[in-house]
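Colleague: I would like the atomic coordinates for the input below:
(one chain, ligands or ions: 1)
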Amino acid sequence: MSSTSPAISVHDLHKRYGGFTAVDGVSFEIAHGETFALLGPNGAGKSTTVEILEGYRDRSGGEVTVLGVDPRRATLEWKARLGIVLQQTGESGNVTVREQLAHFASLYPQPRDVAEVIAAVGLEEKAGTRIKALSGGQRRRVDVALGIIGRPEVLFLDEPTTGFDPEARRQFWELIRSLSREGTTIVLTTHYLDEAAQLSDRAAVIAGGRLIDMGAVNELGPADARIPIVRWRSATGRHEERTEEPAALVSRLTAEFGELAELEVIRPSLEDVYLGLVEAAEAREEAAA
Ligand SMILES: Nc1ncnc2c1ncn2[C@@H]1O[C@H](COP(=O)(O)OP(=O)(O)OP(=O)(O)O)[C@@H](O)[C@H]1O
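Modeller: Numbering: from 1, shown residues only. Predicted structure coming up:
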């Protein structure tokens, strides 16, 4: 497959569970080397979509290719090119972290070095510990380690940092950035919008099985949702103004009033923009019902 073709292509994807439509006509493409986030509220259809891409779930309609292959026609060779960190942690074994990783490494043609992966997920001190004796967050790190041990070309991360402490999350971000620098294509689903903003090039927002927006993480949502907000307090109380030119407003205010109490310029975060998008989609849904 030439690298100009997308790593992942999804066209008009549908998934029905009995009479319930979980994914309702979703289309997107992910380029080689891109980090792409799938965002959306609980039950939006993110895991279903990702599991179809991974070949774990069949689809009801639409076309999908991952590394040029339809996941319905998955081969072992194709699977070896993917790394998968599922939402639920399955690792609770009687073997040690090092043994488990060495076992998985032996299943891949070009695995990463076991000690390097253990260090990358910050489990050096637990390498000789049985997995069942690890904490929840440490087990999640084992899941991540197992996802990358095979040197995947495409890495699927379904809520990878759930249960991580803040330091572990930052460490994980560094790991993902280094995998991305090596050219790994990464598909991330997360409810941590700061994580999506930190790591992804582009994001798609899904709600009720439909794609409601897609774009670069700093360009999602309507333009007015991203206008900066200037807040300050004066003798008359608290004030807030949205402006495309916050620096000009701040210098006008300081020229007029001098030093201002509690002055801040806020750029709406991905979380603010995301919440606006999801609320608008829910309102449209209710109006249509
Ligand atoms: N095996 C199944 N049978 C019936 N319905 C299912 C099945 N799996 C998922 N669903 C339904 O499909 C919808 C989408 O589920 P999915 O797990 O894809 O959502 P999600 O966006 O990943 O949510 P979360 O953020 O909670 O993980 C949900 O309403 C869910 O109840």
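Colleague: could you use CA atoms for every contact and neighbour count after this?
Modeller: OK.
Colleague: nearest the geometric middle of the chain, what residue?
Modeller: residue 188 (2.8 Å; Cα atoms, centre = their mean).
Colleague: ok, that residue touching residue 30?
Modeller: No. Between residue 188 and residue 30 there is no contact under Cα atoms under 8 Å: 11.6 Å.
Colleague: what do these two both touch?
Modeller: Taking Cα atoms under 8 Å, 6 or more residues apart in numbering as the contact criterion, the common neighbours of residue 188 and residue 30 are residue 36.
Colleague: picking up where we left off before, so the residue nearest to the centre of the chain, which of the three states?
Modeller: What DSSP: H, G, I helix; E, B strand; the rest coil gives for residue 188 is strand.
Colleague: which helices and strands does the longest helix along the chain pack with?
Modeller: Ranked by residue count under DSSP state H, the longest helix found in the chain is helix 270-288. Identification of packing neighbours for helix 270-288 by 3 or more Cα pairs under 8 Å, 6 or more residues apart in numbering; DSSP states H and E yields helix 193-199, strand 202-207, strand 210-216.
Colleague: neighbouring contacts of it?
Modeller: 40-41, 193-194, 197, 205, 207, 212-213, 217-218, 220-221, 225-226.
Colleague: rerun that using 6 Å as the cut-off
Modeller: 193, 221 (Cα atoms under 6 Å, 6 or more residues apart in numbering).
Colleague: and it with strand 202-207, angle?
Modeller: Helix 270-288 and strand 202-207 are oriented at 30 degrees to each other (axes from the mean of the first three to the mean of the last three Cα atoms, to 10 degrees).
Colleague: check whether helix 270-288 contacts the ligand.
Modeller: No. Residues of helix 270-288 are not located near the ligand by Cα under 6 Å from any ligand atom, the shortest gap being 12.6 Å.
Colleague: mind checking the pLDDT average for that helix?
Modeller: Averaging pLDDT along helix 270-288 gives 89.
Colleague: that helix vs strand 210-216, what angle?
Modeller: Going by the same axes, to 10 degrees, helix 270-288 makes 150 degrees with strand 210-216.
Colleague: tell me how far stretch 118-128 lies from the chain's centre.
Modeller: Relative to its chain's centre, stretch 118-128 lies at 23 Å (Cα atoms, centre = their mean, to the nearest Å).
Colleague: what residues sit buried inside it?
Modeller: 118, 120, 121, 122, 123, 124, 126, 127 (16 or more other Cα atoms under 10 Å).
Colleague: so which of those are in helices?
Modeller: 118, 120.
Colleague: dump the buried residues of stretch 118-128 to JSON lines, plus pLDDT.
Modeller: Formatted as JSON lines, the buried residues of stretch 118-128 follow (pLDDT from 0 to 100):
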{"residue": "118", "pLDDT": "95"}
{"residue": "120", "pLDDT": "88"}
{"residue": "121", "pLDDT": "89"}
{"residue": "122", "pLDDT": "89"}
{"residue": "123", "pLDDT": "93"}
{"residue": "124", "pLDDT": "93"}
{"residue": "126", "pLDDT": "94"}
{"residue": "127", "pLDDT": "95"}
